[in-house]
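> Sequence and predicted structure are below.
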Amino acid sequence: MKANGNGADIVLVQTVVPDYRQPVIDALVAEWGDTFHVYCGEEYFQQDAKSAVKADGHVTFVNNLFLLNRRALFQIGPIFPAFRARCAIVEFNPRILNTWIVTAMRRMFGRKTVLWGHALGRGGDDKLVRRLLRKLAQVVLVYTEEERRILTTRKTRSQTILSAPNSLFRQADMIVRGDSHTRNSFIYVGRMIANKKPAVLLKAFAVALPDLPDDCRLYMIGKGPLLDELRALSTSLKIADRVDLPGYVSDEDCLAYYEKSIASVSPGYVGLSVTQSLGYGIPMIISRDEPHAPEIEAMREDWNSVFFATDDVNSLAAAMVNMCRDKASWIARSSEISNDCRSRYSIETMVQGFFRAADICLGSN
């Protein structure tokens with residue numbers, strides 16, 4: 001392996017690479033071997049999101065220098081390797097200064113760059129700063145097919161828009177978990193932060209509890225600054241004996257909670273947890289009017305999901321009660337839900353987007 005990735009043909013630069021990205025990195029390393037190198041920092045804009053990728057000779061950790069009260073970022077280290085690489089895949093985030101520098105420099109010297117990430121802002125906005133950054137790149141690799149369709153109508157003449165559907169698991173791991181005997185509860189998986197609105201879920205569960213089966217529990221999986229407050233809230237609502245708030249749980253250990261769940265719940269905006277839940281055949285209860293991440297495209301109302309009125313505790317409580325009452329029909333659909341997700345959102349499907357993007361870059365060098 002080239003020391004510190006210097007001279008690697010394909011360079012990937014990210015703010016952080018969390019543990020759920022390990023299967024993607026492993027698949028790229030398996031395909032590209034020593035020609036591939038990753039540069040990433042250890043902490044994201046939100047401080048509770050951190051890198052957990054294995055530094056196995058294909059990863060170099062760099063310094064993330066946050067500016068303007070963590071509204072902007074400059075990474076010390078990856079600019080020159082990314083500029084030199086035959087193919088540079090950089091994070092599509094206008095707040096990252098080195099993304100602008102690398103993309104602009106490579107364009108000046110006729111080198112193709114791949115921008116990877118959410119090409120549209122939360123809720124689908126397409127602000128001028130995003131459009132300007134997009135025009136500097138020759139390839140834009142987005143998280144969903146819907147984003148690809150939208151951007152294809154807006155691209156510059158020489159630009160290629162590809163999708164790498166945002167995925168967590170390999171196809172072999174996306175199978176139905178649990179059955180009508182074990183699935184009696186609800187699960188939330190995500191960070192414990194304000195815009196995820198976990199307190200709304202706790203309050204709704206307290207309202208719904210008298211109409212839920214005696215063995216129904218609420219599993220709230222994840223860490224974040226609100227975790228202690230939520231534990232205190234569950235106590236004040238007198239539901240602590242029916243709620244589990246274990247903090248961070250690995251994807252592997254999280255399976256045990258999904259196997260016991262009728263549905264997963266997103267009380268605030270929904271993101272990548274969509275593909276985890278649906279991949280296991282577990283439908284979702286989702287807040288209707290939120291600035292959802294593009295993964296919302298996977299939702300088909302009343303088939304793999306139901307929606308409740310945003311911030312309405314009673315509406316969410318009613319959705320949970322109805323889901324319990326209709327449990328048999330939802331569980332009967334589990335295999336269809338899982339198969340649909342597996343066909344569109346798997347690691348195997350995701351990395352094909354990277355392979356196509358790299359082929360476009362490498363083909364001209």
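Structure received.

> Which strand or helix spans Asn98?
With elements delineated by DSSP states H and E, Asn98 resides in helix 97-108, which encompasses its position.

> where does this protein dip in pLDDT?
Per-residue confidence for the chain (pLDDT under 70) gives these ranges: 1-6, 122-124, 364-365.

> which residues touch the residue nearest the centre of it?
Residue closest to the average C-alpha location in the chain (CA atoms, centre = their mean): Leu272, at 3.2 Å. Taking CB atoms under 8 Å, 6 or more residues apart in numbering as the contact definition, Leu272 lies against Tyr20, Asn166, Leu168, Ala293, Glu295. Just so you know, the C-beta spots here come from the backbone N, C-alpha and C atoms, and that holds for glycine as well.

> ok so, going back, how far does the very next helix or strand once past the helix holding Asn98 sit from the chain's center?
Past helix 97-108, heading to the C-terminal end, the next element that is a helix or strand (DSSP H and E) is strand 113-116. Relative to the centre of its chain, strand 113-116 is centred 18 Å away, using CA atoms, centre = their mean, to the nearest Å.

> ok, and what's touching strand 113-116?
Here strand 113-116 has contacts from 12, 87-92, 99, 102-103, 106-107, 133-134, 136-141, 164, 354, 357-358, 361, using CB under 8 Å, 6+ apart.

> Give me the sheet partners of it and which way each runs.
For strand 113-116, the paired strands and their directions (DSSP bridges) are strand 87-91 (parallel), strand 139-142 (parallel).

> Can you show me the strands along the stretch 1-150 of the chain?
All strands of the stretch 1-150 of the chain, identified by DSSP state E, counting those that start in this stretch, fall at 10-14, 36-40, 59-61, 63-67, 72-76, 87-91, 113-116, 139-142.

> Quick one: the ones you listed as JSON lines, columns for distance to Gly190 and mean neighbour count too.
Written out in JSON lines, the entries for those read as follows (distance: least, CB to CB, whole Å; neighbours: other CB atoms under 10 Å):
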{"stretch": "strand 10-14", "distance to Gly190": "20", "mean neighbour count": "26"}
{"stretch": "strand 36-40", "distance to Gly190": "22", "mean neighbour count": "25"}
{"stretch": "strand 59-61", "distance to Gly190": "26", "mean neighbour count": "18"}
{"stretch": "strand 63-67", "distance to Gly190": "23", "mean neighbour count": "14"}
{"stretch": "strand 72-76", "distance to Gly190": "23", "mean neighbour count": "17"}
{"stretch": "strand 87-91", "distance to Gly190": "21", "mean neighbour count": "26"}
{"stretch": "strand 113-116", "distance to Gly190": "22", "mean neighbour count": "25"}
{"stretch": "strand 139-142", "distance to Gly190": "22", "mean neighbour count": "25"}
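
> so which of those strands gets nearest Val129?
Val129 sits nearest to strand 72-76 of all the strands of the stretch 1-150 of the chain, at 11.6 Å, using CB to CB.

> Where does Leu230 fall, secondary structure wise?
Assigned by DSSP H and E, Leu230 belongs to helix 227-236.

> I'd like to know which elements that helix is packed against.
Here helix 227-236 touches helix 198-208, strand 243-247, going by 3 or more CB pairs under 8 Å, 6 or more residues apart in numbering; DSSP states H and E.
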